[in-house]
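Trainee: Sharing a sequence plus its predicted fold:
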Amino acid sequence: MTPLEAIYLHLPFCAHICPFCAFSVRRDDPAKHSPYLKALEKEWAQWGRRDLDYSQVKSLYFGGGTPSRLTLDELSHLLALLLQRLPRLPLATSIEVNPEDVTKDYAQGLWNLGFRRVSIGMQSLQARLLEQMERGHSPTQNLRAYDLLRQAGFAEVNIDLLFGVPGQSESEFQQDLQGMIALRPDHFSLYLLNLEERTKIAKRPAWRNWLKEEEENLADWYLRACEQLEQAGLRQYEVSNFALLGKESLQNCSNWERKNYLALGQGAQGWLSPRRYGNHPRWVDYHTALNQGRAPWEYSEKLTPQAEKEEELMIGLRRREGLSVDWLHGLAREGKPSWPQWVAVLRAEGLAEQGEGLKLSRRGLLVADEVALWLATRLLP
Amino acid sequence: MTFTLETQQHIRNFCIIAHIDHGKSTLADRILEFTGAIGDRDKQAQFLDNMDIERERGITIKAQTVSIEYQAKDGQTYFLNLIDTPGHVDFTYEVSRSLAACEGALLVVDAAQGVEAQTLANVYLAVDQDLEILPVLNKIDLPAAEPDRVAQEIEEIVGIDTTEAVRASAKAGIGIQEILEQVVAKIPAPAGPLNEPLRCLIFDSWFDPYVGIIILFRVMSGVLPAKSTIRFMISGKDYHLTELGKFTPFKKEVSALHAGEVGYFAAGIKTIADVKIGDTVTLAHNPAATPLQGYHEIKPMVFSGVYPVDSTDFPELKEALQKLTLNDSAIRFEAETSAALGFGFRCGFLGLLHMEIVQERLEREFNLDLLITSPTVVYEVERTKGKMLKIENPADLPNPTEITEIREPFVAANVIIPKEYIGIVMKLCLEKRGLQQEMDYLSDTRVSLKYEMPLNEIVYNFFDQLKSMTQGYASFDYELIDYRKSDLVKMDILLNGEIIDALSIISHKDKVYYRGRELVKKLKELIPKQMFEIPIQAAIGAKIVARETISAMRKNVTAKCYGGDISRKRKLLDRQKKGKKRMKQFGKVEVPQEAFLAILKIGGKD
């Protein structure tokens, strides 16, 4: 029996597609909820024929898209489905919500359904920036959603803050940051805007140029923000993730430690060691496969030990706990460890911290992708 | 059929001169189709330019030549030999030998684009050799075609009459018969005497794995029977013919070839170095008294280091170079080592474009990732002790205190340009230390400038600058004249404090500061930002003459790396890793291939 630690459920509906989003999403149409739920049901049924052990599942995560586009009834239906095989809903049963969807009843309803952790896509507390990000909510709605969810009983709340939009000043960013810290969230996601391919902003030279020209400044904003978050007790445990002690996202940590997890829904990607699979990101492909009784996979691949090492390197560098000495020793080729010389270079440049193993400094975290590539070129064949 | 003077009167030897993309290969194919030399069955996209065939054979046919029969409107059959020519300034000598085998040339010009500089150099060569030039305005079916304007341009720039220029579209098959009729009517028949001793002009050769070297030639006088023992007059070697024939375009063996005819032979020759383009073939038992005029020894003029990016590819590189020399006798190579780049080869080329072609072939046909260092010329160095040294690699230049004199090669350069560019071109030549010799008006609009110039200045992108400042209308040619004493120094480049010997250059003292500044600036552009600051310095001896700093990359991390992102990110890492492997690592610093040729990318403003 393959033990599962987490389950991810992807709900692709969004009232409006954000211009920076590269996930598998679609414009919300309530008429499409029912066919999508039926498809999820089929996919879930397919997994039922596999020899999986659901008894140890610690985290259940409804992500998107915008899961809060679903009604409480629809969510209830999905949870009931999952409970066919899960002994109970785990404590870390999380859902992502958009502020404009949160009413008093909805907040209370989520709690009553068994959700215990909620992630609010606030992004900013300023109307101008929210508009630029094409978010459909106001600063007031942000604050209201936060209060309603707290009142409903949620003791674990994450806030997303996105920064780096063209024309933004550091004082505007600071207003957002300080305003959100003042709400005393348990978990904080600080996202420095990325230009993902196949997004609307990737086609806007203004955004591309801004990010390039402001690289130095944005990097400095990030470094200062990390300090402030730490001072507020939100400890950084990954490039973009901060949490009060013990409130780190179980879903994240389990994924990063490469524990088995099931992913359901279009575009969702799961890991059942040593195999990664990804569902079709397009609606038609996902539905067609399920209607024909096939697995809705776009790919399913067995990772080579080499690819596993690459994943571990890439993920390890992003985490504040870094890579252990044992892991690094495992890279020695023909018994010759060459990593100490490269780790020494990173330390000398202030990109890694002193001490055992390899832990990137904050400045190092800002170039974690580059460090991963640099080390992979030197240490992995 | 017996070959008589009457037969000879029905031969027409001609070539096609055209700029790349102006339709040379398509026209050649149409001619083959029209005359029935190839049927539909044989029709490939472009028969005479078929790289796939070349690849299958693992060799490259530099030029293809075909013998075809044409039934003209006058009811008589003519024997046409279409002789292909390589089309580049570095191969001027080879082109001149191909032209020497012809009595006429089709000048094919794109009716939408007009005359291009590259065409001009070859047309002038053809004019010099008294070939009959038949202008053809091609692509007249294009909406943008302006045949009248282009005809006018040909008259002005080339100086030939275009009233009877054929308006054609090789692609659409328009005007092919007209072209062939003009070939028959206007190009003179060859005139070589049949009863004199044999003299054949070699104008091309290549290696064939089955029969050894195949030689293309034109019989200038006498008769060459199959199975003869022949003699190369320059190299003095004798061989017994194993095969004599024509390409129709398929190989067709014949019993003899006569004055005026074009064909090929094989004689079990193993190495291309034994066959010299321009050499004269005669019969061993009845040799001609003197070889044909116009033979030159081909000497590499430009040298550069060629290194594998991955040092374990060294044996593959060696093998690839050996294979290339099977059909390119102009390449020289010799193993060398660089402190920065490891094991590689110092290679000699005819010129910069020859260098580029070789690089491209090595990378494409042999799938190698290469680092090519800055091209350099050969310097003569007199020392306080010991013999004179010939320096082909700047890194080998002895310490200045051991040098009494350095000499550099000078060339006679000839630049032909439309007159409106005289000012800027003269300024460029002056900047390149050129000494003006002559200036002639070739026509109302065209001017020929003659300079004596150090070759060293030419290899540092003179031709590129010349082309760009004249919108491509300049044609350029040069010839080595002598070695002259010169005030030259070596400049080193340091990356992150370490000398990268492969980036060292030798430059004139007056230019070295400028070059140093420009070179470090260009390197700053070419070397991507890395996680650390990278100082780039130019130094003469211990003295730093220029410095730039590549600032450290501050941000390269994706915001989100959750369960759904891991696979995509890992695949991206894999792809980027492959890209990085094409860069050269110097410790923590990575340098892309093109940085080693940075000197060629420096702009023109001194």
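Mentor: Perfect, I can see it now.
Trainee: ok, which stretches of the stretch 351-500 of chain B are strands?
Mentor: Using DSSP state E, counting those that start in this stretch, the strands of the stretch 351-500 of chain B run over residues B:370-372, B:379-383, B:389-391, B:403-418, B:435-441, B:446-454, B:475-485, B:488-495, B:498-499.
Trainee: Just the buried positions in the fourth one, please.
Mentor: In this case it means strand B:403-418. Neighbour counts using 16 or more other Cβ atoms under 10 Å in any protein chain shown place B:403, B:406-411, B:413-418 of strand B:403-418 among the buried residues. All C-beta spots, glycine's among them, are computed from the backbone N, C-alpha and C.
Trainee: from those residues, which has minimum pLDDT?
Mentor: When the buried residues of strand B:403-418 are compared by pLDDT, B:Ile416 scores lowest at 82.
Trainee: Which residues does it form beta bridges with?
Mentor: Going by DSSP bridges, B:Ile416 is paired in beta bridges with B:Ser448, B:Ser475.
Trainee: Correct me if wrong: it contacts B:Val447.
Mentor: Yes: assessed by Cβ atoms under 8 Å, B:Ile416 is found in contact with B:Val447 at 7.2 Å.
Trainee: Which one of the strands of the stretch 351-500 of chain B has the poorest average confidence?
Mentor: strand B:475-485 - the lowest mean pLDDT of the strands of the stretch 351-500 of chain B, at a mean of 85.
Trainee: Buried residues in it, which are they?
Mentor: Quick answer for strand B:475-485 (16+ other Cβ under 10 Å): B:Ser475, B:Phe476, B:Tyr478, B:Tyr483.
Trainee: what's in contact with the longest helix seen in chain B?
Mentor: Assignment by DSSP state H gives helix B:509-526 as the longest helix of chain B. For helix B:509-526, contacts defined as Cβ atoms under 8 Å, 6 or more residues apart in numbering or on different chains pick out B:433, B:460, B:487-489, B:491, B:493, B:495, B:503, B:505, B:507, B:536-538, B:540, B:545-550, B:592, B:594-595, B:598-599, B:601-603, B:606.
Trainee: and these, which are buried?
Mentor: B:433, B:460, B:488-489, B:491, B:493, B:495, B:503, B:505, B:507, B:536-538, B:540, B:545-546, B:548, B:550, B:592, B:595, B:598-599, B:601-602.
Trainee: Going along the chain, name the strands of the stretch 201-350 of chain A.
Mentor: With DSSP E, counting those that start in this stretch as the criterion, the stretch 201-350 of chain A has strands spanning A:235-238, A:241-243, A:261-264, A:269-272, A:275-279, A:297-302.
Trainee: Out of the ones you listed, which is the most enclosed?
Mentor: strand A:241-243 (a mean of 26; mean count of other Cβ atoms under 10 Å in any protein chain shown).
Trainee: Give me the nearest residue to B:Arg383, chain neighbours excluded.
Mentor: B:Glu402 (5.2 Å; Cβ to Cβ, 6 or more residues apart in numbering or on different chains).
Trainee: and the one you found, how many residues sit next to it?
Mentor: 14 (other Cβ atoms under 10 Å in any protein chain shown).
Trainee: what's the answer for A:Glu356, then?
Mentor: 11.
Trainee: Show the model's pLDDT score for it.
Mentor: 91.
Trainee: Check A:Lys336 too.
Mentor: 66.
Trainee: In three-state terms, label residue 160 for me.
Mentor: Going with chain A. strand (DSSP: H, G, I helix; E, B strand; the rest coil).
Trainee: Just give the closest residue to it, not the sequence neighbours.
Mentor: A:Ser189 (4.7 Å).
Trainee: what phi and what psi does the backbone show at the one you found?
Mentor: The phi and psi values for A:Ser189, taken as degrees, to the nearest 10, are phi -110, psi 120.
Trainee: Now stretch B:378-395 - C-alpha only, CSV.
Mentor: Provided in CSV are the C-alpha atoms of stretch B:378-395 (Å, rounded to 0.1, in the frame of the first residue of the first chain):
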residue,chain,number,x,y,z
VAL,B,378,51.1,35.6,-38.5
TYR,B,379,53.6,38.0,-37.0
GLU,B,380,57.4,37.7,-37.5
VAL,B,381,59.3,38.4,-34.3
GLU,B,382,63.0,39.0,-34.2
ARG,B,383,64.5,38.3,-30.8
THR,B,384,67.6,39.4,-28.9
LYS,B,385,68.5,35.7,-28.8
GLY,B,386,67.7,32.9,-31.1
LYS,B,387,65.9,32.5,-34.4
MET,B,388,63.1,34.6,-35.8
LEU,B,389,59.7,33.4,-34.6
LYS,B,390,56.5,33.2,-36.5
ILE,B,391,53.7,33.9,-34.1
GLU,B,392,50.2,32.6,-35.0
ASN,B,393,48.8,32.9,-31.4
PRO,B,394,49.0,36.1,-29.4
ALA,B,395,49.6,34.1,-26.2
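Trainee: what sits against B:Lys390?
Mentor: Contacts of B:Lys390 by Cβ under 8 Å, 6+ apart are B:Val378, B:Tyr379, B:Glu380, B:Val381.
Trainee: What count of nearby residues applies to the residue of the stretch 351-500 of chain B found nearest chain A?
Mentor: Across the stretch 351-500 of chain B, no residue is closer to chain A than B:Asn496, which sits at 11.2 Å (Cβ to the nearest Cβ). The local packing of B:Asn496 (other Cβ under 10 Å) involves 17 other residues.
Trainee: what's near enough to touch it?
Mentor: Contacts of B:Asn496 (Cβ under 8 Å, 6+ apart): B:Ile534, B:Pro535, B:Phe586, B:Gly587, B:Lys588, B:Val589.
Trainee: can you narrow those residues to ones near chain A?
Mentor: B:Gly587, B:Lys588 (Cβ under 8 Å from any Cβ of the partner chain).
Trainee: What separation is there between the residue most central in space within chain A and chain B?
Mentor: Closest residue to the average C-alpha location of chain A: A:Asn252 at 7.0 Å, with Cα atoms, centre = their mean. According to Cβ to the nearest Cβ, to the nearest Å, A:Asn252 and chain B sit 7 Å apart.
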